[in-house]
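> Sequence first, predicted model second:
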Number of protein chains: 2
Amino acid sequence: MEIAQAATPLPIATIAERLGIDPDKIEPYGRFKAKIPLRVLGSLPPRRQGRLILMTAVSPTPAGEGKTTTTVGLGDALTRLGEKAMLCLREPALGPVFGMKGGAAGGGYAQVIPMEDINLHFTGDFSAIASASNLLAAMIDNHIFHGNALGIDQRRITWRRVLDINDRALRQIVTGLGGVSNGFPAEGGFDIVPASEVMAVFCLATSLADLKERLGRIVVAQTLDKRPVTAADLGAHGAMTALLRDALSPNLVQTMEHTPAFVHGGPFANIAHGTNTVIATHSALRLADWVVTEAGFGADLGAEKYFDIVCRDAGLRPACAVVVTTVRAMKYHGGVAVEDLPDVDVDAVRGGLVNLERHVATMRDVFGQKVVVAINHRAEDAPEEVAAIVEACVRLGVPAVEARHFAEGGAGAEELARVVMRVAGDNAPTEPTYGYPLTDSLLGKLRAVATRVYGASDVSASSAVRAKIRRLEADGFGGLPICVAKTQYSFSTDPKLRGAPEGHVVDVREVRLSAGADFVVMICGTIMTMPGLPARPSAEAIDVDEDGEIVGLF
Amino acid sequence: MEIAQAATPLPIATIAERLGIDPDKIEPYGRFKAKIPLRVLGSLPPRRQGRLILMTAVSPTPAGEGKTTTTVGLGDALTRLGEKAMLCLREPALGPVFGMKGGAAGGGYAQVIPMEDINLHFTGDFSAIASASNLLAAMIDNHIFHGNALGIDQRRITWRRVLDINDRALRQIVTGLGGVSNGFPAEGGFDIVPASEVMAVFCLATSLADLKERLGRIVVAQTLDKRPVTAADLGAHGAMTALLRDALSPNLVQTMEHTPAFVHGGPFANIAHGTNTVIATHSALRLADWVVTEAGFGADLGAEKYFDIVCRDAGLRPACAVVVTTVRAMKYHGGVAVEDLPDVDVDAVRGGLVNLERHVATMRDVFGQKVVVAINHRAEDAPEEVAAIVEACVRLGVPAVEARHFAEGGAGAEELARVVMRVAGDNAPTEPTYGYPLTDSLLGKLRAVATRVYGASDVSASSAVRAKIRRLEADGFGGLPICVAKTQYSFSTDPKLRGAPEGHVVDVREVRLSAGADFVVMICGTIMTMPGLPARPSAEAIDVDEDGEIVGLF
């Protein structure tokens, strides 16, 4: 945090100008953040489309492997090499900042700034998404209160409220108590904002009109005769679009080395697709020659969804996928306990390589990507441990590069940038291959992902879940892609199964329709959509000092 | 709304420059809104302190008497007359925009712009206040979940969550259901954001340090042995201050005629004091020669609190109070049914004048103010109806001026401005007199307000309420001012008692401590802190058109 606060940003108007955007046409939010209006982006002169680099990772350790940090490092390195580069990143949620995590927008000398702003209110996008979600919730109950003309079955309302604070007490609640004027008592609950379908819709929309259309399609409940009730049925989608209008313009900020970055949208990577807005990525590809973006969690979750949901829907074609790993992660997958990870252990690294190897194979063989492995350097790494990873990549026929951007900034990732540029090449990228065709059945799609990406032998589902899947297919939603919500710590649904487990069975516990986002969520294992605060929340350390500076937000 | 959208605002940097603020030092939010950082305001060169004009009103009809509109009109008229004038207004809440009310920031040709922004997210202040309030709520339950070292009695948590959406189903809820990992089941509820004590604290704070100190004092619960538990006990006030840091800088916008306006903070005028931030008013008085501000509801509620709470606490000294009335309101108080109000009825006007007369007398005799009556013109007013009001004011020895700013902008309020300038005079205003001394008992303070301002004969309270009041006095809170929450439609606690009722008894139903805001709320009658949506919410009409413009927000 001190590093980020000590950085000297350029005026955001200068950053915009370097991208070829008239600085008088941006919407500044303070001096170092701006929204770029959609109409300004729409009127940009045509130029050669930039090349898209997807940053993904091995199955993470609990501390994470530094995917955002590496995204920033690669972007800065491309800039240092004289390339016109840009980043597309997710906005962090507010809730976790006060919990375990503190703030984050990269790390060390590879950060996006101003980090306090990005981690607190930023430009208000999350607040707008929360308001739109909660307005819809209020309009459902209000419709029932005023006579329920649509015949909504109050027991079958699936729409939940959201709040951007970690508050476990709101996971499961009873609303409408206190008598007639407060409505009908009902079960309900709050999720954190990134879990709202409005967030997923916001991130997949290609225009304001598409946003409104998608919002209108959101299914919030069933009627007493089990027909779906949508936001459009309630007349809520227009007001929701009005609430989101300004938010839909991408947020421009910069790295500590002045590489421009769109930080826009932040959907969960489990019950949603986990990548920044399509509008930001499409816009960045019109502004820069290289656009580096990241997908949430490991490649089994984030990258799979990036290809099967986002690229397929939005017509995106990555020129290259970078798989981030660390020596630490390889030891973890080699079976080392978390507290022993700092100790040098080449055998454990070798033991954990199966995890990296499977992710690399997925990127290459399932999704048809050119692959580079980035080894995110940590101070305690031993040269022989790094060498073990490089050797494995040589065997795989994939270039592996150690990158030291955390300690050195973009200079530490220049070799990575050169390799990425060489691998991505000059030709226009082809369409990726996908994990499954959309014509497969919903369960068939899950089976394809489970066997081809997770190394599973099969999928299972209770008869109730199978009935719900059949119902969705009968209602016309069978042609949607699936969005798997499972643990990020393992290829399987058991977070304790490290490495590259095989032969496991993926059980679908629950199925949820995201009709606005255009996917069907398959929940496999326990997924938390409202975190709690820990015994010593970081909120206790966050403060404002005598100079008005925010402290404790690390 | 069309009028506001058709207005051509000046760049906010130009507005700032005219006020003597270096345009490079403002924090722009888009091109027509800016926050003026506290350190910039603190470093302004000394100049003669401006004169403060308080805008208040008669007891309103359900549609309101146009107090904000008259505030804007007076400010624009002062500007037209070559004076350096500025406005200080409250920020509207988001929730009501989607309910009955639509958006509002003045009306007709007397509006503050950009009205869509001001009515939707504006600069994110309400969102920051909601986050700070809800973080505190989460930290209370989290403290109990992790062992309850402070010994909080979960049945005696008084802190409520907030949301800026009208959602009646959240008024009374049960939280923490679903098992051990979700905490302990408990009763709770949500208020709308303007009802949060954090909002009141935010509006009364004089600096970031004062804000933090006040937030720390907020009492959220009692322990099992009935000691108060504060936000500071939970270690929450530092993080809450961090969330509010940027919000505390006043928001600069402009009227349609380019008069600068701080629109900052928006507390309820019933369970809180109902005026914009003290920081905005103090700053405006250093920037302009005339500062027009408004207090919520009629003078019995808004102005009484403005003097007894805000002026006393913040050292503000109005040079003059303007009491807004309408022909319509006088007919209403004269007993005319709402549907018959457009009909000419001079006798009814005469019958309703008692309401205006009492408010004028209160301003002059209780609070020691110079008074001007502004008759906010409506198209259907008959000259003889207006004349009846003017005659009554002549008898009272108070100037009354008809103002036509709604239809004509500042030009329509020039006579009002001239009269206000003459009445305010050139001498530095003296300290107002108050409704009661702070040394009175809490119930004595209420009795003073009830008898001197409301025309009541006495106050009453159940033995439970009296016991609670004694407890507050024993705990050291007896020296605080009181904040009366009662209906705005009547001097009494019965909204149907129009005119100027006498001899009624004001019953205190409930007493609440606002230890951070430094007042004791006396709830007299039924007060709604979370509105509901009507059968046809305005949300159904709000939309975004093909050009990306927001429509239906009137």
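Looks like it arrived, so ask away.
> Looks to me like A:A321 is in a strand.
Yes: in this structure, A:A321 lies within a strand as judged by DSSP: H, G, I helix; E, B strand; the rest coil.
> Kindly report the domain assignment for chain A.
Domain assignment of chain A by automatic domain parsing yields the ranges A:2-124+A:247-424, A:125-244, A:442-524.
> Select, out of these, the one closest to A:E549.
With CB to CB as the criterion, A:E549 lies closest to domain A:2-124+A:247-424 of these, at 7.2 Å. Heads up, the C-betas are built off the backbone N, CA and C, glycines and all.
> Do the closest one and chain B come into contact?
Yes: where contact is defined by CB under 8 Å from any CB of the partner chain, part of domain A:2-124+A:247-424 touches chain B, namely A:27-31, A:35, A:38-39, A:94, A:98, A:117, A:120-121, A:124.
> among the residues you listed, which ones are buried?
Taking 16 or more other CB atoms under 10 Å in any protein chain shown as the criterion, what is buried in the residues of domain A:2-124+A:247-424 next to chain B is A:27-31, A:35, A:38, A:94, A:98, A:117, A:120-121, A:124.
> and these, which of them are in helices?
Members of those lying in helices (criterion: DSSP state H): A:L38, A:D117.
> can you name the two of the buried ones among the residues of domain A:2-124+A:247-424 next to chain B that are farthest apart?
Of all pairs drawn from these, the one with the longest distance (CB to CB) is A:L38 and A:F98, at 32.1 Å.
> Closest to the centroid, which residue in chain A?
The central residue of chain A, meaning the one whose C-alpha is nearest the mean C-alpha position (CA atoms, centre = their mean), is A:G274 at 2.3 Å.
> What is the burial count for the nearest residue to A:G532 once chain neighbours are set aside?
Once flanking residues are discounted, A:G532 sits nearest to A:R168: 3.5 Å by CB to CB, 6 or more residues apart in numbering or on different chains. By other CB atoms under 10 Å in any protein chain shown, 22 other residues sit near A:R168.
> mind showing which ranges of chain A have poor pLDDT?
Counting by pLDDT under 70, chain A shows low-confidence ranges at A:1-2, A:4-5, A:101-104, A:554.
> Near chain B, which residues of the stretch 451-554 of chain A? Just list them.
The stretch 451-554 of chain A comes close to chain B at residues A:532-535, A:537, A:539-544, A:546, A:548, A:550, A:552-553, as judged by CB under 8 Å from any CB.
> Going through those, which ones are buried?
The buried subset of those - by 16+ other CB under 10 Å - is A:532-533, A:537, A:539-544, A:548, A:550, A:552-553.
> now these as TSV including secondary structure?
Conversion of those to TSV gives the following (three-state DSSP):
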residue	secondary structure
A:G532	coil
A:L533	coil
A:P537	coil
A:A539	helix
A:E540	helix
A:A541	coil
A:I542	coil
A:D543	strand
A:V544	strand
A:G548	coil
A:I550	strand
A:G552	coil
A:L553	coil
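> May I have the phi/psi pair for A:V58?
Torsion angles at A:V58 (phi, psi; degrees, to the nearest 10) stand at phi -70, psi 170.
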